[in-house]
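*Asks:* Just a sequence and a predicted model for now, questions to come.
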Amino acid sequence: MDLERLAFWSDKNANYGDNILLELYGKFQNVTQLSFSDNYAYRSLVIMLNNIDDKLYQKYYCDLIEGLISHLAQQSGMASAEFCQPKAITRLAGELVKRINPRFIYNPFAGLCSYALISSKYKYYGQEKDTGINLLARVRLDAHGRDADTLAWADSIQGWNDHQADMLVTTPPFGVKATRAFSYHRWREYRSLNEFILRNFLYSPSLENAVIILPASACFGADTLEIRKSIIEKNALDMIIDLPAGIFYGTGIRTVAIVLKKHRHLEKVTFVNGSDCINITQKAKDLDVDLLLSYIDNNTPL
C-alpha cells in the first residue's frame, strides 16, 4: 500500500488513533528523500520504528516497510536498481518457481529478499554483501514473519554457498564483473557475472532447477558462449522469456528470464516473446504478468 494513501486512509478512519500515521508519513518522507547509500536513512528508520505505538506497529508494520522500500527504490534510481526490483518481476519468478515446486531456494544476490517472500512453504537462503541493504532486508523479512537468519552477510562472488538448495532463483546486479571468483573451492577466471552464475548452477551437485533474470546479452554474448554450449549439451535449457525493455528501476536494459532444469525429459526449448507484455503508466513501465503467463501457457516448445 502506498504510504501517502495509507496515511490519508488512516486519517479518515481514525477509530484506533491511527491518525498518528500522518505524522509517521511525514517522517517517512524525510527518510525517503535519502538514498540507499546514506547511512542516516537507516538510523532514522530505526529510531522511527522504535517509536511506533505497539497497536499501530502490529497493524501496519508490513505495509510501512513495503512502502518505505518502494519509495527508496523510486528516489534512488540507478543506485537502487541492483537491490530493488519491480513487484511484477518477483511475481513472474514466483509463478515460474511454483510450477517447479522446489524444496529449498538459494539466492546468491539476495538484495531485499523479494524471492524469500514467494511462499513460506519453501526453505530459503540468501547472500547479500551490502551492510545497509542486508539490514533493511532483515527488517523486511521480519515484517513478513520470515526468519531473518536465512539471509547471510556474505559476498557470493567470493564465497558461493548454495547450502545444498535444489533451486537457484536470482536477479543479479547488471553490469558487475566477476573476473576472478571463488567457485566450489577453487579460484578461476570468468568473463562476466553471467558466466559465473550459469557455471555455478550447472556444476552444482545440489542445484537442479533455476529461474534467473539476466541481461539479454547473456543469450548471445561471447562471455557466455562456452557455458551456453554446455547447458545445451546437457539438455538443461527449458525456457527463455524475452522481457520488455525499461521495466527495471534506473535502467532501460533488455532482460530475459531463463528457466533451467537439469533433469528434463523433453529436448525442445520454449521461447516466449514477452516484449509487448507491458503496462505504461505516468510513473513507470510495468510488466503485464497475466498476459505474459498466458503467452507461456499457450506457447509450443521448439
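*Replies:* That came through, no problem.
*Asks:* what about stretch 277-288, distance to the chain center?
*Replies:* Computed by C-alpha atoms, centre = their mean, to the nearest Å, the chain-centroid distance of stretch 277-288 equals 18 Å.
*Asks:* for that stretch, which positions count as buried?
*Replies:* Buried positions in stretch 277-288, judged by neighbour count with 16 or more other C-beta atoms under 10 Å: 277-278, 285-288. No exception for glycine: its C-beta is placed from N, CA and C like everyone else's.
*Asks:* Redo these as JSON lines? Include distance to D155, pLDDT and secondary structure.
*Replies:* Output for the buried residues of stretch 277-288, formatted as JSON lines (distance: C-beta to C-beta, whole Å; pLDDT from 0 to 100; DSSP: H, G, I helix; E, B strand; the rest coil):
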{"residue": "C277", "distance to D155": "34", "pLDDT": "93", "secondary structure": "coil"}
{"residue": "I278", "distance to D155": "34", "pLDDT": "90", "secondary structure": "strand"}
{"residue": "K285", "distance to D155": "32", "pLDDT": "79", "secondary structure": "strand"}
{"residue": "D286", "distance to D155": "32", "pLDDT": "86", "secondary structure": "strand"}
{"residue": "L287", "distance to D155": "29", "pLDDT": "92", "secondary structure": "strand"}
{"residue": "D288", "distance to D155": "35", "pLDDT": "93", "secondary structure": "coil"}
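*Asks:* quick one: which of these is nearest G126?
*Replies:* Nearest to G126 among the buried residues of stretch 277-288: L287, at 22.4 Å, using C-beta to C-beta.
*Asks:* before we move on, the earlier item: out of the buried residues of stretch 277-288, who's nearest E195?
*Replies:* Among the buried residues of stretch 277-288, and counting by C-beta to C-beta, the member closest to E195 is L287, at 26.0 Å.
*Asks:* ok, what's across the strand from that closest one?
*Replies:* On the basis of DSSP bridges, L287 is bridged to I278.
*Asks:* How about the contacts made by it?
*Replies:* By C-beta atoms under 8 Å, 6 or more residues apart in numbering, the contact list for L287 reads 86, 88-89, 92, 243-244, 247, 274, 277-279.
*Asks:* Please flag which of those residues sit within strands.
*Replies:* 278-279 (DSSP state E).
*Asks:* Can I have the buried ones of the contacts of L287 as a PyMOL selection?
*Replies:* In PyMOL syntax, the buried subset of these is picked out as below (16+ other C-beta under 10 Å):
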select buried, resi 86+88+89+92+243+244+247+274+277+278
